[in-house]
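# sequence first, predicted model second:
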Amino acid sequence: MQLELESRLLLIAIQKVYNDTMAFAIPATVKKYFWGDSLHELSWSKHKKYIIQTLLEKGDRSALRWLSSRISRKKLKNQLPALRLQKKSSNFWRIYFS
């Protein structure tokens, strides 16, 4: 029983590390928007707001498709008030998600 619990906890820890690092492979079509950042240090769990903000502000269709594969439309809509988007972008996304 104890061994089974420890095994489950280890599996959960491994999955978390995987989700934070390996699963966050930025495609080439998205990397160009983070040219000034250290891509190996960029983490979805730590920098989600920054990544979303950058792609909503500057991303093309391909980048936005990738973003929508990472986060649901509802969660994106809920994030909008907390993002520091230019007024034009903010208005566009507010209308788009309404």
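Perfect, I can see it now. Numbering: from 1, shown residues only.
# following element in sequence after the lowest-mean-pLDDT helix or strand in the chain, please.
Lowest mean confidence among the helices and strands of the chain (mean pLDDT, DSSP states H and E): helix 2-20, at a mean of 67. Per DSSP states H and E, the first helix or strand lying C-terminal to helix 2-20 is helix 28-31.
# by contact count, what packs against that next one?
Applying 3 or more C-beta pairs under 8 Å, 6 or more residues apart in numbering; DSSP states H and E, we find helix 28-31 packed against helix 61-70. (C-beta placed from N, C-alpha, C; glycine too.)
# summarise which helices and strands the helix or strand in which residue 50 is found is packed against.
For residue 50, the element it lies in under DSSP H and E is helix 44-58. Packing partners of helix 44-58 (3+ C-beta pairs under 8 Å, 6+ apart): helix 2-20, helix 61-70, helix 73-79, helix 87-97.
# and the angle for it with helix 61-70?
Note on geometry: by axes from the mean of the first three to the mean of the last three C-alpha atoms, to 10 degrees, helix 44-58 and helix 61-70 are set 150 degrees apart in direction.
# list of residues touching helix 44-58?
19-20, 23-24, 30, 33-34, 42, 63-64, 66-67, 70-71, 76, 79, 82-86, 89, 93 (C-beta atoms under 8 Å, 6 or more residues apart in numbering).
# report the buried members of those.
24, 30, 33, 34, 63, 67, 70, 76, 79, 83, 85, 93 (16 or more other C-beta atoms under 10 Å).
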